[in-house]
Structures are given as C-alpha cells and as structure tokens.
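What follows is a predicted protein model with its sequence.
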4 protein chains.
Amino acid sequence: MPHQQQELISTLHECMTACNHCYNACLQEEDIKMMTTCIQLDRECADICGYVEQAITRGTPFLSELTNVCAAICEACGKECKKHAHNHCQHCAEKCFTCAEACKAA
Amino acid sequence: MPHQQQELISTLHECMTACNHCYNACLQEEDIKMMTTCIQLDRECADICGYVEQAITRGTPFLSELTNVCAAICEACGKECKKHAHNHCQHCAEKCFTCAEACKAA
Amino acid sequence: MPHQQQELISTLHECMTACNHCYNACLQEEDIKMMTTCIQLDRECADICGYVEQAITRGTPFLSELTNVCAAICEACGKECKKHAHNHCQHCAEKCFTCAEACKAA
Amino acid sequence: MPHQQQELISTLHECMTACNHCYNACLQEEDIKMMTTCIQLDRECADICGYVEQAITRGTPFLSELTNVCAAICEACGKECKKHAHNHCQHCAEKCFTCAEACKAA
C-alpha cells in the first residue's frame, strides 16, 4: 500500500476514535440537551471514517467518491464540535478538520 | 419514516442481496478468471448499499451525499455485471440500475 | 435463499429500524439524562443487526456465531428499553425480543 | 483508552489489512479456482475485524462476545490461508492467528 494511503488510514482512524470518544463523553455531560447534534454527528462521522478505512484497505476503485462524502461529514462534525467548550469536543473538532483536509487531498 | 424512504430502503436491500448472491455465484463459475472485476464490484456495491440502508434508518443528515456515491457504485457494478451472460449477473445488473435511479432521485 | 433466512433478515431489519428510531427519539426526550444507556444500546443493537443482515446475504459460514452475539445484544437492548414508558422504547423492546428469539433459533 | 485495548485495535487493524490484501491478491492468482474459500474467508475476517475495531472505540459493553466471534473467524481464515503457499496467504495466516490470540485474551 502506498505511503500516502497509509497516512490517510491513520488519519481516518484517529478521527473515528476521537468521534467515538466525544460521543460517549457527550452522553455523560451535565448539559447533554445541548449536545444532541454533536452526539448524532459523532456517530455519523465515526461510521463513515470506519467505512472508508475498510474500503481503502480493500483497494476500492471509488476512493475519491468516498473521501469526498467523508470530508463533508468530517467538516460538519468538526463545526458542531467546535461550538462546545468541552475538551473532548475541541479535540474531536481538530481531528475532524484534519481528516477532512486529508480526505480532500486523497 | 416517509413512504419514499421506505421504498429506497427496500431497493437498497434488494440490490445488496443481488450483489452478494452474484458475488458468491461468480466465485463458483467455471470462467472465474473473467469474473474478478464483477466479484470486486459486487462487494463494493453490497457494502455501500448496506451502509446507506443503516444510515437512512438512523436519519442521517447526509442522505444526498451518501445516495450520490451509492448511485455511482451501483452504476459501475451494473455496467460490469451487464457484460456477463450468467443469470445472476444479469439479475444483479438490473437491481443495480434500479438502485442507482432510486439513489439519484433521493 | 431459504425461506427461513429471508424471515430472519426481515426480523433483523425491523429490529435495526426500531433501534435507530428509538435512538433518535431518545435524543429528543425531556428526560434524556435517563436515556443514555438506552441510546448506547440502541446504537449497538442497530449496528450488529445491520452487520448480521449483510453477513447472511453473503452466505456467511459463521451464521450461528454471529446470531448468538446478536441475540445477546438484542436481549440487553430490549431489557433496557422495556424499563422506559416512551412508546418508541416499548416498541423497540418488542422488536429486540422478537429478534433475539429469531437469532437463537437460527 | 486503556493500553491493552489500543494494542488490540492495532492487531485487529493489521489483520483487516492483511485479509483485504490477501483477498485482492487471491483474485489475481493463476490458481484462483483453488482460492475461492480463501477469498470468502478473507472478506468475512476483514469485515468482522473492522466491525470490532469500531465497536471497541465506541466502548461497546459486548467486548468479550464480539472478540469471541472474531477469534473464531480469524482462526478459520488463518487455517485456510495457511494451506496456500502464496506469500500473501502465509502473511495473512500469521496475522489472523495473532489476532485470534489477542481476541481470546481480551
């Protein structure tokens, strides 16, 4: 596998991990009512990142189509997370924006 | 869930089923060497259809992005299947083209 | 595909749909703080049901192993949903218990 | 996330990658007719490893149930791969057996 794809896979994996961590942490927050969009987007983003990771390792011929949709979902999740001061949200926002850039460059 | 989305889910499910059936049948064909692209696209198509089915039932906000990429994969799979005379390939091609149309209309 | 497997697929699909519906509805409830376990189990259950559905359509040789773990997850999700009076929780509990039975019989 | 779970995730990821690499390589082999079981088990194994990876990052309460079924699939895939002299099969067998052990210890 080319070095560039290995980096993309790592970035997707870090984003999936940050989203799932943020997802669980949001569910435990006092202000959970304000976190529902964040919770929903975390799941969307974790799931597409995991899907694209799997697809790249099987050599999908649809890399650019899949990374385009993944970039859109990462950006939306990052923008929502960015609004919230919780550490897990800020960390997740950062990983989402990094992943969105990596997906757009793929 | 709106009636239109229930129809889309049924169409995706039929396409996934046809692709996985074609996948297994191709692996048993005498001319398997000619079926490798079909086998790979069947897996791609079955997986994205299953993914989109799940995403719709969870009310994804990225319906049009996901159905766009699904339509592209269904079309590619349908075109490859169409080339082969096996019944499972012709049946799969039909389900793929139907699913591509449904995805584009979503 | 045998008739029995077609029924199992339908049952898994209904359970996935009920879990994802319950998931979204729980996120909108006033008493969301009491629903966090329900939200987490709904996601677990929807995901495994979708996975097993895909696996059956590709003729997995691990049907009984996968349906066993699916049954355990359906039961846990059903028991949690059963505790809550919301219609979506009671409906989901019913679908989960039905799916658990179908998985155990597979 | 505990260090032990991070190691398990890495092991699952390496197994998924090896299985998908073996899958694609098998489809290009001259003796493809002898590789059909290997191809099918590679897909099964790659898919469950990816699923369990996702499940661990979301803190699934069903870790032992999921790693048990994953171990069974990894072992079956490893045993089949072990039969074939191709480098990708031997490499995949090794990764599958390592992953099966890690899953059993989880």
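Here it is on my side, so go on. Numbers count the residues shown, from 1 in each chain, chains lettered A, B, ... in the order given.

Break down chain A into its helices, ranges please.
Secondary structure of chain A by DSSP state H: the helices cover A:3-27, A:36-57, A:63-82, A:87-105.

quick one, phi psi at A:E30?
The phi and psi values for A:E30, taken as degrees, to the nearest 10, are phi -60, psi -40.

Neighbours of it, how many?
Residues within reach of A:E30, counting by other C-beta atoms under 10 Å in any protein chain shown, total 8. Any C-beta I mention is one placed from the backbone N, CA and C, and that applies to glycine too.

And A:K82, how far from A:M34?
14 Å (C-beta to C-beta, to the nearest Å).

Would you mind grabbing the residues shared as contacts by those two?
Counting by C-beta atoms under 8 Å, 6 or more residues apart in numbering or on different chains, A:K82 and A:M34 have no contacts in common.

per-residue pLDDT, the residue sitting furthest away from the middle of chain A?
Distance from the C-alpha centroid of chain A, by C-alpha atoms, centre = their mean, peaks at A:E30 (23.7 Å). Looking at A:E30, its pLDDT is 95.

List the residues that contact A:L12.
By C-beta under 8 Å, 6+ apart, the neighbours of A:L12 are A:49-50, A:52-53, A:56, A:70, A:99, A:102-103.

buried ones in stretch A:48-55?
Across stretch A:48-55, burial judged by 16 or more other C-beta atoms under 10 Å in any protein chain shown covers A:48-55.

you'd agree A:A100 is up against A:V69?
No. With contact defined as C-beta atoms under 8 Å, A:A100 does not count as touching A:V69 (11.2 Å).

Show me the shaky parts of chain A.
A:1 (pLDDT under 70).

need the residues of it near chain C, please.
By C-beta under 8 Å from any C-beta of the partner chain, the part of chain A that sits against chain C consists of A:24, A:27-28, A:32-33, A:36, A:39-40, A:43.

List the contacts of A:A72.
A:100, B:62, B:65.

give the contact list for A:Q90.
If you count contacts by C-beta under 8 Å, 6+ apart, then A:Q90 has A:81-82, A:84 around it.

let's go with 6 Å and repeat that
A:Q90 makes contact with no residue, according to C-beta atoms under 6 Å, 6 or more residues apart in numbering or on different chains.

For A:K82 and A:M34, indicate the residue with more neighbours.
When A:K82 and A:M34 are compared for neighbours, A:K82 comes out ahead with 15 against 12, by other C-beta under 10 Å.

By neighbours, which of the contacts of A:A72 wins?
A:A100 (24 neighbours).

Skipping its backbone neighbours, what lies nearest that one in space?
A:C74 (3.9 Å; C-beta to C-beta, 6 or more residues apart in numbering or on different chains).

is it true that A:I39 touches A:A25?
No. With contacts counted by C-beta atoms under 6 Å, A:I39 stays clear of A:A25, the gap being 9.9 Å.

neighbour count winner among those two?
A:I39 (24 against 19).

Excluding covalently adjacent residues, which one is nearest to that one?
Nearest to A:I39 is A:C26, by C-beta to C-beta, 6+ apart, at 5.0 Å.

show me the contacts for that neighbour.
A:C26 neighbours (C-beta under 6 Å, 6+ apart): A:35, A:38-39.

let's go with 8 Å and repeat that
Going by C-beta under 8 Å, 6+ apart, the list of residues near A:C26 reads A:32, A:35, A:38-39, A:42, A:86, A:88-89.

Any of these buried? List them.
A:32, A:35, A:38-39, A:42, A:86, A:88-89.

Between these, which sits nearest A:I9?
Nearest to A:I9 among the buried ones among the contacts of A:C26 is A:D42, at 19.9 Å by C-beta to C-beta.

Identify the residues contacting the closest one.
A:D42 touches A:19-20, A:22-23, A:26, A:77, A:81, A:92, counting by C-beta under 8 Å, 6+ apart.

what's the nearest residue to it if we skip its chain neighbours?
A:Y23 is the one closest to A:D42 (C-beta to C-beta, 6+ apart), at 3.8 Å.

try A:C96
A:G78 (3.3 Å).

and if you look at A:H91?
A:A18 (5.9 Å).

Do I have it right that the one you found meets A:K95?
Yes. Contact criterion C-beta under 8 Å: A:A18 and A:K95 qualify, at 3.9 Å.

For chain A, which residues are neighbours of chain D?
A:1, A:13, A:16-17, A:20-21, A:23-24, A:46-47, A:50, A:53-54, A:57-59.

Could you identify the most distant pair in these?
Largest pairwise distance in these, by C-beta to C-beta, is 32.2 Å, between A:N24 and A:G59.

what about the nearest residue to A:L63 once chain neighbours are set aside, how many residues close to it?
Among residues not flanking A:L63 along the chain, A:A106 sits closest, at 6.2 Å (C-beta to C-beta, 6+ apart). The number of residues packed near A:A106 is 20, by other C-beta under 10 Å.

does A:A106 really touch A:L8, like I thought?
Yes. Counting by C-beta under 8 Å, A:A106 touches A:L8, with 5.5 Å between them.

what is in contact with the two at once?
A:T67.

residues in contact with A:K104?
Contacts of A:K104 by C-beta under 8 Å, 6+ apart are A:67-68, A:71.

Same check on A:E80?
Contacts of A:E80 by C-beta under 8 Å, 6+ apart are A:37-38, A:41.

All set, thanks.
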